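Student: Mind folding the following:
(chains A and B)
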Amino acid sequence: MTEPTAGPLKRTPLYDLHRELGARLVPFAGYEMPVQYPTGILVEHTHTRTACGLFDVSHMGQVRLTAKPGHSAAKAMETLVPGDIAGLQLGQQRYTQFTNDAGGILDDLMVTNAGDHLLVVINAACKDADLAHMQKHLSATCEVEPMFSRGLLALQGPQASAVLSRLVPQVASMKFMTGAYVEIDGARCYVTRSGYTGGDGYEISTPAEQTDAIARKLLSHPEVKPIGLGARDSLRLEAGLCLYGHDIDTTTTPVEAVLLWSVGKERRVQGGFPGAAVVQKQIAEGSTRKRVGLLPEGKAIAREGAEIVIDGKTVGIVTSGGFSPTMGRAIAMGYVERSQSANGTKVDLMVRGKPVPAEIVPMPFVKHAYYRG
Amino acid sequence: MAETKYTEEHEWIRVEGDVGTIGITQYAQEQLGDVVFVDVPAAGRTVAKGEACAVVESVKAASDIYAPASGEVVESNAALADTPGDVNAEPTGKGWFFKLKLADKGELDGLMDEAAYEAFVKSLG
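Tutor: Here you go, the predicted structure:
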């Protein structure tokens, strides 16, 4: 989870709160971020699955995209991503990717139609590059406005709706992947019913200076506990969700990553995004490899970088692996040759030179619990 | 009379006669966080001082455990397979890893005693 960074680490608006709560802070994507609180990752994970967890994801980048007169921000955005952005209804949100000319993934992101503008949420480690990319390609048609100082809180878990609707009654009826501007304690926030845990929940974009007060208010509800990046990682892995820089990067396409569901049906045919020809060819002929779920036998954990082997021959590599607190066992995902990717295929994962038997399984590992109304 | 020594890698070894019991320290378990799997060496294996011979997996990462001394593994803690959390709860008790028949007790002279180890941990900040 940690990585070397140049220069001083940045802090989110919740830095002081993390310190007060006894978080263990680690460098992550140039920020000093809480990897866990004193209760530890297992308790935090389980709490998020059974009650409600509050995550600080303010390190992620938020960008507002507003069309210049005579242009469409959605149409402009579609020149950079394969998702159906023009088709987003007011308040509707979609997961998509910035692709490069080879169809590789520069970053994955969320785009929401917020009325007269789009709201874009990008990964922390990519946000400066993403912003430059958007400015370069979209400035002729859109105002590209970074809002990197804003706070972003993720409130996740089966109790999230009960908690947030005490402050904002209208969020109770919001459906998964929709958003709206709301007021929380006088602060204008944008709330979406989304997240990256596989469970029900919300992401709340807050003005920087009111982020701390809103976080404290949410934490004052007995169901809510602060959750660090450690549990965020184990939760998203159980949900079968990709971590950029690990499960997807510039060398993987949306087809290889099995993210074709996020590519608009018309856009598959019409293209018009970087690398469209590569993606269309893979849709027609199949990619040489694909992302799969892996369930190791026994308790050894196969982590990122472990080779996937069949009969002594390497057929792929693990890109994320860890312990699933919900299942009480090791889980992993990785890429294998497509000819070997059928569910039920027996493989060995090489852990410290020893083969750990595993089976290719469908994902998610833990059923999604999104609120679809 | 048992004597406990410590390594800079945060292992402890408790010596009774010519057998040493090995585990990780309170500081180490705090740093690791929740332990979910421990791979301990099988009885009969011969290990050299400094050799990576066990692995402790927390939710976050895998960490090698190094033999604090040379010798032959005479017993490993089989209970950790079902209750790896013992390493967090009782790192110097139920959370022990393995027992070693020491080849040369003189190797222990270079290790830290409890006071020296406490000072070492303090120096880490």
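
Student: So which bits of the longest helix seen in chain B are buried?
Tutor: Longest helix in chain B, counting residues (DSSP state H): helix B:114-123. Neighbour counts over helix B:114-123 (16 or more other C-beta atoms under 10 Å in any protein chain shown) mark B:117, B:121 as buried. The C-beta positions use only the backbone N, C-alpha and C, and glycine is treated the same way.

Student: outside of it, which residues touch it?
Tutor: B:4, B:6, B:8, B:25, B:27, B:112 (C-beta atoms under 8 Å, 6 or more residues apart in numbering or on different chains).

Student: what's the lengthiest strand in chain A packed up against?
Tutor: Looking across chain A with DSSP state E, the single longest strand is strand A:313-324. In terms of contacts (3 or more C-beta pairs under 8 Å, 6 or more residues apart in numbering or on different chains; DSSP states H and E), strand A:313-324 is packed against helix A:229-238, strand A:289-296, strand A:307-310, strand A:329-337, strand A:346-351.

Student: what helix or strand is the most centrally placed residue in chain B on?
Tutor: Centroid-nearest residue in chain B, with C-alpha atoms, centre = their mean: residue B:23, separated by 2.5 Å. According to DSSP states H and E, residue B:23 maps onto strand B:19-24.

Student: before we move on, back to that, can you give the strand pairings for the longest strand of chain A, parallel or anti for each?
Tutor: strand A:307-310 (antiparallel), strand A:329-337 (antiparallel) (DSSP bridges).

Student: just so I know, which of these lies nearest residue A:199?
Tutor: strand A:329-337 (16.3 Å; C-beta to C-beta).

Student: what comes up buried for that closest one?
Tutor: A:329-337.

Student: Reformat the strands paired with strand A:313-324 as TSV; add mean pLDDT.
Tutor: As requested, the strands paired with strand A:313-324 are arranged in TSV below (pLDDT from 0 to 100):
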stretch	mean pLDDT
strand A:307-310	98
strand A:329-337	97
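
Student: who's in contact with residue A:59?
Tutor: A:10, A:12, A:28-31, A:33, A:124.

Student: Give me the contacts around stretch A:312-319.
Tutor: Contact with stretch A:312-319 is made by A:246-247, A:289, A:291-292, A:294, A:302-309, A:332-337, A:340, A:347, A:349, as judged by C-beta under 8 Å, 6+ apart.

Student: what mean pLDDT would you report for that stretch?
Tutor: Regarding stretch A:312-319, the rounded mean pLDDT is 97.

Student: Extract the C-alpha trace of it and format it as PDB.
Tutor: Taking C-alpha atoms only, stretch A:312-319 is exported to PDB below (Å, rounded to 0.1, in the frame of the first residue of the first chain):
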ATOM      1  CA  GLY A 312       4.600 -26.300 -14.700                       C
ATOM      2  CA  LYS A 313       3.900 -23.700 -17.500                       C
ATOM      3  CA  THR A 314       3.300 -20.000 -16.500                       C
ATOM      4  CA  VAL A 315      -0.100 -18.900 -17.900                       C
ATOM      5  CA  GLY A 316      -0.500 -15.600 -16.000                       C
ATOM      6  CA  ILE A 317       0.200 -13.500 -13.000                       C
ATOM      7  CA  VAL A 318      -1.600 -12.400  -9.800                       C
ATOM      8  CA  THR A 319      -2.300  -8.700  -9.700                       C
END
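
Student: From the chain's centroid, how far away is that stretch?
Tutor: 25 Å (C-alpha atoms, centre = their mean, to the nearest Å).

Student: Quick check: which ranges of chain B have low pLDDT?
Tutor: For chain B, applying pLDDT under 70 flags the ranges B:1.

Student: for chain A, what are the nearby residues on it?
Tutor: Contact residues (C-beta under 8 Å from any C-beta of the partner chain) of chain B with chain A: B:33-34, B:36-37, B:39, B:55, B:57-62, B:81, B:88.

Student: 7 Å instead, please
Tutor: B:33-34, B:36-37, B:39, B:55, B:57, B:59-60, B:62, B:81 (C-beta under 7 Å from any C-beta of the partner chain).

Student: what's the most distant pair in those residues?
Tutor: B:60 and B:81 (20.2 Å).
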